[in-house]
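K.L.:
output the structure for:
(one chain, ligands or ions: 2)
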Amino acid sequence: MPLCPLSAADVSAVLAPFERALALPATAYLEDAVFAFERAAIFDRTWLCVGREDDVTHPGEWLHAPLGTMAGPGLVVVRGADLKLRAFHNVCRHRAATLVSGDCGRVHDLRCPYHGWTYDLGGGLRAAPHAPGDFDRGAHGLLGARVDVWQGFVFATLDASAPPLAEALAPVPAWLRETSLAHARRAHRVTYEAAANWKLLCENFQESHHFTRIHPALERLTPNDDASSVPSSGPWLGGVMRFADGVETVSASGTRNGRPLLAAASYTQQVSDALLFPALFTSLQPDYLLTYRLQPLSPGRTRVVAEIFVHASAFGPHGPSFDLTDLTSFWDVINRQDRAICESQQTGLSSPGFRPSRYTVVEDGVHGFDRMVARAYQTGDAER
Ligand code: FES
Ligand SMILES: [Fe+2]
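P.N.:
Numbers count the residues shown, from 1 in each chain. Ligands and ions are numbered 1, 2, ... in the order given. Sure, this is the predicted structure:
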């Protein structure tokens, strides 16, 4: 484990009690050394959400899991002929070519595009053209990684010593525990890149203080005065927002527009947000779940996969049986607004005129996230 490149003083300033704490220094968002440390201490040692199980239902269906900071070929998560889900390093054992390209697909076997080494869906090497007669195919199977499923979401980790997924996720916020998400289906997915450090996007998710200036349309539906943070619990940070009078959900019309409820009964009058450290945001609305998966590309660049899941009963035989644009048009605007303001911060952080400041009294959620980061900086160990 490399040593944390931040000074002990900078780290303890963040870990101070909320009333006295200072935000992370600019270097935490700008420097390659910090980024490399975060990869080793956080992303390579944590269960990360990489997709949905219903994308890999049939034998041979695979999805690409860009683990860590997407610097390498990542993992391929594939359903075996025995219907078991497995994860393999997406790299050929011959001369290191990347095995699969793209986000997902279906294959009969995993065949390297370079010289044709072919692996079965269990990772065993089946064919190695021109290999010498005494070549031991059994010793050249794909190297595996851990994979597991929670509420229909596929998680993978590079850390052989990480606790089991269920243990690592505990305690799951009540609204996610009590809502049956395994039956939710994806209605929409959009992927974009933000020219901002991944932590700026996380901090942005942790407060609604910015709604009045950045998202006036969201402020009308869920006024930030009625928002509250839920104290952090294990790897989760949460927050709850109440609807303005007459509002049913967060959408362009403020109504469910015919969509069935998804959230468990106790959570249909609110928006329930939860960030799973380090890089999964979930926002449970009465009738849908919004998720954002962050994939850090470099200190100043982050890929975001934003998805909307609705109750399976909202789908007819040919797709969603409701008007999606009520949701997608609304969230496209909100996402663009958040992205623009985080990119503005990324630029500002390189100014010699910036110094970390105190948190305002409504930024306890931001401090909660920064504390998790600082603790990982301090111990070289992600929150578990
Ligand atoms: S690198 Fe894969 S077959 Fe040669
Ligand atoms: Fe926002």
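
K.L.:
only C-alpha atoms for contact and neighbour calcs from this point on.
P.N.:
Fine.

K.L.:
count of neighbours near whatever residue of the stretch 151-300 of the chain ends up closest to ligand 1?
P.N.:
Relative to ligand 1, the nearest point of the stretch 151-300 of the chain is Leu158 (21.8 Å; C-alpha to the nearest ligand atom). Leu158 has 22 neighbours, counted by other C-alpha atoms under 10 Å.

K.L.:
does it touch His89 like I think?
P.N.:
No. Look at Leu158 against His89 with C-alpha atoms under 8 Å: they stay out of range, at 9.4 Å.

K.L.:
quick check: neighbours shared by these two?
P.N.:
Taking C-alpha atoms under 8 Å, 6 or more residues apart in numbering as the criterion, Leu158 and His89 both touch Ala145.

K.L.:
how about the residues of the protein by ligand 1?
P.N.:
Taking C-alpha under 6 Å from any ligand atom, the part of the chain that reaches ligand 1 is made up of 92, 94-97, 112, 114-117.

K.L.:
contacting residues around Glu307?
P.N.:
Residues near Glu307 by C-alpha under 8 Å, 6+ apart: 186-190, 290-292.

K.L.:
tell me which element the nearest residue to it once chain neighbours are set aside is part of?
P.N.:
In space, and not counting its chain neighbours, Glu307 is closest to Arg189: 4.4 Å by C-alpha to C-alpha, 6 or more residues apart in numbering. If you go by DSSP states H and E, Arg189 is part of strand 184-194.

K.L.:
mind listing what's buried along that strand?
P.N.:
184-188, 194 (16 or more other C-alpha atoms under 10 Å).

K.L.:
from those residues, which single one is nearest Asn257?
P.N.:
Ala187 (14.6 Å; C-alpha to C-alpha).

K.L.:
how about the helices in the stretch 151-300 of the chain?
P.N.:
Secondary structure of the stretch 151-300 of the chain by DSSP state H, counting those that start in this stretch: the helices cover 165-169, 174-178, 198-205, 211-214, 216-221.

K.L.:
does anything pack onto the third one? Which helices or strands?
P.N.:
Contacts defined by 3 or more C-alpha pairs under 8 Å, 6 or more residues apart in numbering; DSSP states H and E place helix 198-205 against strand 288-298, helix 325-349, helix 364-379.

K.L.:
adding mean pLDDT and mean neighbour count, write those out as CSV.
P.N.:
Conversion of the helices and strands packed on helix 198-205 to CSV gives the following (pLDDT from 0 to 100; neighbours: other C-alpha atoms under 10 Å):
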stretch, mean pLDDT, mean neighbour count
strand 288-298, 96, 23
helix 325-349, 96, 17
helix 364-379, 94, 22
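
K.L.:
of all those, which one comes closest to Val172?
P.N.:
Proximity to Val172 (C-alpha to C-alpha) singles out strand 288-298 among the helices and strands packed on helix 198-205, at 15.4 Å.

K.L.:
name the next helix or strand downstream of the closest one, please.
P.N.:
Downstream of strand 288-298, the next assigned helix or strand under DSSP H and E is strand 301-311.

K.L.:
just how off-centre is that following strand within its chain?
P.N.:
8 Å (C-alpha atoms, centre = their mean, to the nearest Å).

K.L.:
which residues are in contact with the helix or strand following it?
P.N.:
Sequence order places strand 315-316 as the next helix or strand after strand 301-311, per DSSP H and E. With contact meaning C-alpha under 8 Å, 6+ apart, strand 315-316 is reached by 321-322.

K.L.:
mean confidence score for strand 315-316?
P.N.:
Strand 315-316 shows a mean pLDDT of 84.

K.L.:
strands paired with that strand, and their directions?
P.N.:
strand 319-320 (antiparallel) (DSSP bridges).

K.L.:
follow-up on the earlier one: and the strand holding Arg189, what does it pack against?
P.N.:
strand 301-311, helix 325-349.
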